[in-house]
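Enquirer: Below is the sequence, then the predicted model.
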Amino acid sequence: MTQRAKIDTDGSENAADQPPVVHRVGGLTSAEVAERVARGEVNDVPVRSSRSTVDIVRGNVFTRFNAIIGVLWVIMLFVAPIQDSLFGFVIIANTGIGIIQELRAKKTLDGLAVIGEARPTVRRDGAAGEVSTSGIVLGDLIELGPGDKVVVDGEVAEADSLEIDESLLTGEADPVVKKPGDRMMSGSFVVAGGGAFTATKVGREAYAAQLAEEASRFTLVHSELRSGISTILKYVTWMMVPTAIGLIISQLVVKDTDFKDSIARTVGGIVPMIPEGLVLLTSVAFAIGVIRLGRKQCLVQELPAIEGLARVDVVCLDKTGTLTEGGMDVTKLHPLNGSDETYVRKVLGALGESDPRPNASLQAIIDAYPDSEDWRCTESLPFSSARKYSGAAFSEGDGDASSWLLGAPDVLLKADDPTLAEIDHLNEQGLRVLLLARTTRELDSPQVADDAHPAALVVLEQRLRPDAADTLAYFADQNVAAKVISGDNAVSVGAVAGKLGLPGAENTVDARRLPTDRAAMADELDRNAVFGRVTPQQKRDMVGALQSHGHTVAMTGDGVNDVLALKDADIGVSMGSGSEATRAVAQIVLLNNSFATLPSVVAEGRRVIGNITRVATLFLTKTVYSVLLAILVVCSQVEYPFLPRHLTLLSTLTIGVPAFFLALAPNKERAKPHFVKRVMRYAIPGGVVAAAATFATYLVARSYYSGPGALDAETSAATLTLFLVSMWVLAIVARPYTWWRIALVATMGGAFLLVLVVPWLQDFFALKLVGVTMPWTAVAIAAAGAGLLELAWRWVDRRFPA
């Protein structure tokens, strides 16, 4: 592997005018650290997990619609009774609820972020210890091992076969071998080997911080829900402005009625056009989702990731650390070709000692075979997921020298080697098998494995997660395809998946035989469920291939070999015990390392998006009928039928209160795309029917009533029709019915009835049904509207399927 040119923090070749970096073997002293903190030379990059308190308050208070409603509210406080200003108090309450819930979510996120934060090992006063990322100062000596993320820019001080993956920053797929004096870029991570580097740029000067949200802050999840709501609000504003202007002219100029009453009725026409609660409920639903998941030790690093999980139809699982627990046990040592078992045990003990940061397999060997003190490691080759083996050269106690490789048998052995048949038999039992082989070549030779002489098989037993089978069963039940993608032997992976009851586990595919063409690879992935001997780059390609077939892909993993796939997946899920690099790129981190938390995460995403889609129909139906009513009033040159108090009452009972309960209810339906289309296909016919029925009742009432109190009576009849049609919209949206949904609809109906029969509520809301004929006519028109709604929505379902 060739070493690339040194890269400076701005991506250019090392500049000649750069001052030399002083490397201190023991690191900085405490006094020097304090001095740098006082000078502000600290890595003060903000945590990305949540917005600041100021941003939360600003985002909830200073909105376009709050500004419009605020102005109208101030006007109403001067010209009308307090009942007509209730909508302003509702907005204040809504804004307060939104701020409180987001602050609760922020507190949850920030608390979890501290638990899940990368804590680099820093050498100070000659001793190594963990510090928080924000505690690193300029000149700190930071130690590195496999899976560690480079958190600040620096220069390599020590390197032991140190290989760095810079693909997240540069797009370069091959790891870069680093030697002392080479530049390190923040946002890269260690794939093999170890070492230490001196921090040369910290905080916002570091390379990853300069890239802002582009590379090291990683791709933000696209939120169709939020972008859809923004699109809807944009069109609503366009419709609202000309309609409101027409209404103002109609009510204040054309109609020769009481000035203050005209203003009140104009405001009463404008306010309900604004779907003010929709944005609030979306924020609250996301915030409560974060809080619920936080209680399950699940850190959501990007809020829209909750929504993304609701759309997932394929989940890719890494076997090690996801289906199996991290630890392993050596169950058998099988010498080959007449090797002496005692000698083999010494070799394994020395190999274990040669790696300062062993992986799970090597740790099991260390536990089983203690190191022989008279063996000395002279050179080491760290394990790499790409090559599938590690190695070391030793000076033995008697003066002899030897070089050894430990890794995947099917990589180190030739395809026709008879030992592979025995290995396959062990793999079929779900056991992991490593081959110990002697080599005569130099360890840094690309052909080091070509003349490997098998010495022994090391058989390891993997511990299955007790909850893995139930979790896989949940995904199958929810029509989410599970794909096991592992770097281990394909037969062994299939056996583990089979033990857990994964459908298709018997047809395991060796990824080395997968086609490289994306379309052909996608076909193979659709047909099969278990893949072994997958390289890190292949994991990334597989995610891309699945996405090319229209799948929404979630990827789980905990190792450095999963980073690239996690980055490219629609949703990346990392284990809390995983490497720093995986936790950094994942949108969701399972801090309790429990695979069983995933169903809760998926269910929470489905609840949020499914319910927001449901309640958005309520809000936008109101917007449509408000705009249409205003247009009909302008065209007919009549008084607007409602005061603000009437529509505040209707909005509260048919939208506000029900929407809050419906938005937080369980919902297991997988989210579907085209949010705007799915909402508007119901809101438009619903709004048209509601406006037509209400205006028809209003016109009939105008011809029926006469005299001084006629307008109040006409308003009451129109309000009754609009309430009943809106209740029917609510009754349709609340399906399928459960006892609490029926109780919710009935309670809202009972509350309106209470207003109609209690005298002081009649006066407060200016609602009094006059006579018998007209109220029953209003009910009949509403019933016809409800029937038309049922027909219209069923036609829409057939004509414009979701």
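Expert: Yep, that arrived. Numbering: from 1, shown residues only.

Enquirer: what packs against the helix or strand harbouring Ala285?
Expert: Applying DSSP states H and E as the criterion places Ala285 in helix 276-295. Helices and strands touching helix 276-295, by 3 or more C-beta pairs under 8 Å, 6 or more residues apart in numbering; DSSP states H and E, are helix 64-79, helix 86-116, helix 224-249, strand 298-300, helix 304-311, helix 598-636, helix 657-663. For the C-beta atoms, the positions are set from N, CA and C on the backbone; glycine is no exception.

Enquirer: Are we agreed that Asn593 is in a helix?
Expert: No. Asn593 is assigned coil when assessed by DSSP: H, G, I helix; E, B strand; the rest coil, not a helix.

Enquirer: Could you list which residues are in contact with it?
Expert: 321, 575-577 (C-beta atoms under 8 Å, 6 or more residues apart in numbering).

Enquirer: which two in the residues you listed are spaced the farthest apart?
Expert: Farthest apart among the contacts of Asn593 by C-beta to C-beta are Gly321 and Gly576. That separation is 10.7 Å.

Enquirer: Who has more neighbours out of these two?
Expert: Between Gly321 and Gly576, Gly321 has the larger neighbour count (other C-beta atoms under 10 Å), namely 23 against 18.

Enquirer: Could you report the pLDDT at the nearest residue to the more buried one once chain neighbours are set aside?
Expert: Once flanking residues are discounted, Gly321 sits nearest to Asp558: 3.9 Å by C-beta to C-beta, 6 or more residues apart in numbering. Note on Asp558: pLDDT of 76.

Enquirer: low pLDDT regions in the stretch 51-200 of the chain?
Expert: Scanning the stretch 51-200 of the chain for pLDDT under 70 picks out the ranges 51, 109, 112-117, 167-174.

Enquirer: And the stretch 301-450 of the chain, by the same measure?
Expert: In the stretch 301-450 of the chain the weaker segments, taking pLDDT under 70 as the threshold, are 303, 326.

Enquirer: Hmm, Glu143 and Arg123 touching each other?
Expert: Yes. The pair Arg123 / Glu143 is scored as a contact, 6.3 Å apart, by C-beta atoms under 8 Å.

Enquirer: Overlap of the contact sets of those two?
Expert: Ala196.

Enquirer: Tell me which residue is most central in this protein.
Expert: Ala305 (1.8 Å; C-alpha atoms, centre = their mean).

Enquirer: Give the buried residues for the strand or helix carrying Leu756.
Expert: Per DSSP H and E: Leu756 is located in helix 739-757. Within helix 739-757, the residues scored as buried using 16 or more other C-beta atoms under 10 Å are 741, 744-745, 748-749, 752, 755-756.

Enquirer: Return the member of the residues you listed nearest to Arg463.
Expert: Closest to Arg463, out of all of the buried residues of helix 739-757 and judged by C-beta to C-beta, is Arg741, at 44.3 Å.

Enquirer: Just confirm that closest one contacts Val733, I think it does.
Expert: No. Applying C-beta under 8 Å, one finds Arg741 not in contact with Val733, separated by 9.6 Å.

Enquirer: what residues are shared contacts of these two?
Expert: Contacts common to Arg741 and Val733, judged by C-beta under 8 Å, 6+ apart, are Leu662.

Enquirer: Return the helix holding Ala285 as CSV; C-alpha atoms alone will do.
Expert: What follows is helix 276-295, C-alpha atoms only, in CSV (Å, rounded to 0.1, in the frame of the first residue of the first chain):
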residue,chain,number,x,y,z
GLU,A,276,-51.3,27.1,13.4
GLY,A,277,-51.5,23.9,15.4
LEU,A,278,-50.0,21.7,12.7
VAL,A,279,-46.4,22.8,13.2
LEU,A,280,-46.8,22.7,17.0
LEU,A,281,-48.1,19.2,17.0
THR,A,282,-45.3,18.0,14.7
SER,A,283,-42.7,19.5,17.0
VAL,A,284,-44.4,18.0,20.1
ALA,A,285,-44.8,14.6,18.5
PHE,A,286,-41.1,14.5,17.7
ALA,A,287,-40.1,15.8,21.1
ILE,A,288,-42.2,13.3,23.0
GLY,A,289,-40.8,10.6,20.7
VAL,A,290,-37.3,11.6,21.8
ILE,A,291,-38.3,11.6,25.4
ARG,A,292,-39.9,8.1,25.1
LEU,A,293,-36.9,6.7,23.4
GLY,A,294,-34.6,8.4,25.9
ARG,A,295,-36.2,6.4,28.6
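
Enquirer: average pLDDT for stretch 453-468?
Expert: 86.

Enquirer: next one: that stretch to chain centre, how far?
Expert: 33 Å (C-alpha atoms, centre = their mean, to the nearest Å).

Enquirer: quick one: buried residues of it?
Expert: 454-462, 465, 468.

Enquirer: okay, the residues you listed in JSON lines with distance to Gly349 and secondary structure next?
Expert: Output for the buried residues of stretch 453-468, formatted as JSON lines (distance: C-beta to C-beta, whole Å; DSSP: H, G, I helix; E, B strand; the rest coil):
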{"residue": "Pro454", "distance to Gly349": "19", "secondary structure": "strand"}
{"residue": "Ala455", "distance to Gly349": "14", "secondary structure": "strand"}
{"residue": "Ala456", "distance to Gly349": "13", "secondary structure": "strand"}
{"residue": "Leu457", "distance to Gly349": "17", "secondary structure": "strand"}
{"residue": "Val458", "distance to Gly349": "12", "secondary structure": "strand"}
{"residue": "Val459", "distance to Gly349": "17", "secondary structure": "strand"}
{"residue": "Leu460", "distance to Gly349": "16", "secondary structure": "strand"}
{"residue": "Glu461", "distance to Gly349": "20", "secondary structure": "strand"}
{"residue": "Gln462", "distance to Gly349": "22", "secondary structure": "strand"}
{"residue": "Arg465", "distance to Gly349": "30", "secondary structure": "coil"}
{"residue": "Ala468", "distance to Gly349": "32", "secondary structure": "helix"}
